[in-house]
Structures are given as C-alpha cells and as structure tokens.
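# this is a predicted model, with the sequence first.
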Amino acid sequence: MFLSVSRRTDIPAFYSKWFFNRFKEGFLYVRNPMNFHQVSKINLSADLIDCIVFWTKNSSKITYMLDQIGSYGFRYYFQITINGYPSEIEKNVPDLESAINLFINLSRKIGKEKVIWRYDPIILSDKLNLAYHIDRFNQIAHRLNGYKFFFKFFIRQI
C-alpha cells in the first residue's frame, strides 16, 4: 500500500508533528471527504505500507524527522511543488528562492531519486500568461538541474 500524505492539505508544512505522533501510535483516522460520517482507521505499519509519498510546498518542517521515519523501516519520497507565484496567490508558501534552496537541501540529504519537482497548477491570467510560465519554469528548472529526478505539471485557467 502507498500512503499518500497531503493530497488534501500540506501535512509536512503544517501538521508534521501530528503526523509523527501518529507513527508513534501506529495508526491514524481518515474521514471520507464525500461522506462525513465515514471514518477509516489506517494502520501505520512498515509491514503494510510499501512507500509514503509526501506532497508539499514546504519541506522545512519535516526534514528533521526523516531519520526517525527511516528508523521505523518506511520508504518514502517527496513531490514538491515550486511555482514561485506571488504571495497574493499563494500565502504561507516559501518565496521562490527559499523553496529552491529547500528542494536542493532535501535532495542532497535524501537523494535526488526521492525528490520530484511539480510545477502545478499552472494558473493563467492577465499577469500570469504563458510567457510568464515558460520563463518561470525555465528559471526553476535551471536552478534545480542536478537535484531533481522528475517534474510534473498541470494547467488550470482562471
């Protein structure tokens, strides 16, 4: 089983202490977003979980805990979104330079095969046109050269 951590919210950035407390307890509860009354108990055993996928825009709050998760016998990797959007669009996200540095430091710590760069969503507007995204994508890709394993992106028009 793959444990996908953060598809609904950025757990590494905002709830990493809670997440690691759940590992100590050996389980967590997940509410079904389509049926509020349905709650599932997820067993957090290394025997059951093949890999943990961390989705985040800010890995700074979880990196010091990675040795601990490795000591529990879990394999993991990160999908890190870096777009460098203005703070009016994305609040509580590291600025572009900080996000790039966090990505590079994580890649150095755990290996580039465990870090995937995501450039998504691509928001198109008057200020964020295609030329903006091509330039920003190239800028980030150049800076991450040698530290990334793969990248992924999606387009959303507003």
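Great, that's in hand.
# strands of this protein, start to end?
2-5, 27-32, 35-43, 51-56, 76-81, 115-124, 151-157 (DSSP state E).
# reformat those strands as a markdown table; add mean pLDDT.
Shown next, in a markdown table, are the strands of the chain (pLDDT from 0 to 100):
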| stretch | mean pLDDT |
| --- | --- |
| strand 2-5 | 90 |
| strand 27-32 | 91 |
| strand 35-43 | 93 |
| strand 51-56 | 94 |
| strand 76-81 | 94 |
| strand 115-124 | 92 |
| strand 151-157 | 56 |
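# what is the burial count for the closest residue to Arg143 other than its chain neighbours?
Spatial nearest neighbour of Arg143, chain neighbours left out: Ile100 (5.0 Å); criterion: C-beta to C-beta, 6 or more residues apart in numbering. Placement of C-beta: from N, CA and C, glycine included. By the criterion of other C-beta atoms under 10 Å, Ile100 has 19 neighbours.
# any idea how far Ile100 is from Tyr15?
24 Å (C-beta to C-beta, to the nearest Å).
# same question, Ser60
Plainly put, Ser60 is 14 Å away from Tyr15 if you go by C-beta to C-beta.
# quick revisit: would you format the strands of the chain as CSV with distance to Ile140 and mean neighbour count included?
Shown next, in CSV, are the strands of the chain (distance: least, C-beta to C-beta, whole Å; neighbours: other C-beta atoms under 10 Å):
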stretch, distance to Ile140, mean neighbour count
strand 2-5, 23, 15
strand 27-32, 32, 12
strand 35-43, 34, 9
strand 51-56, 16, 20
strand 76-81, 11, 20
strand 115-124, 7, 18
strand 151-157, 9, 11
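# among those, which is nearest Leu66?
Ranking these by their distance to Leu66 (criterion: C-beta to C-beta) puts strand 76-81 first, at 7.6 Å.
# the closest one: partners in the sheet, and parallel or antiparallel?
According to DSSP bridges, strand 76-81 has the following sheet partners: strand 51-56 (parallel), strand 115-124 (parallel).
# can I get those in TSV with distance to His37?
TSV is the format used below for the strands paired with strand 76-81 (distance: least, C-beta to C-beta, whole Å):
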stretch	distance to His37
strand 51-56	26
strand 115-124	31
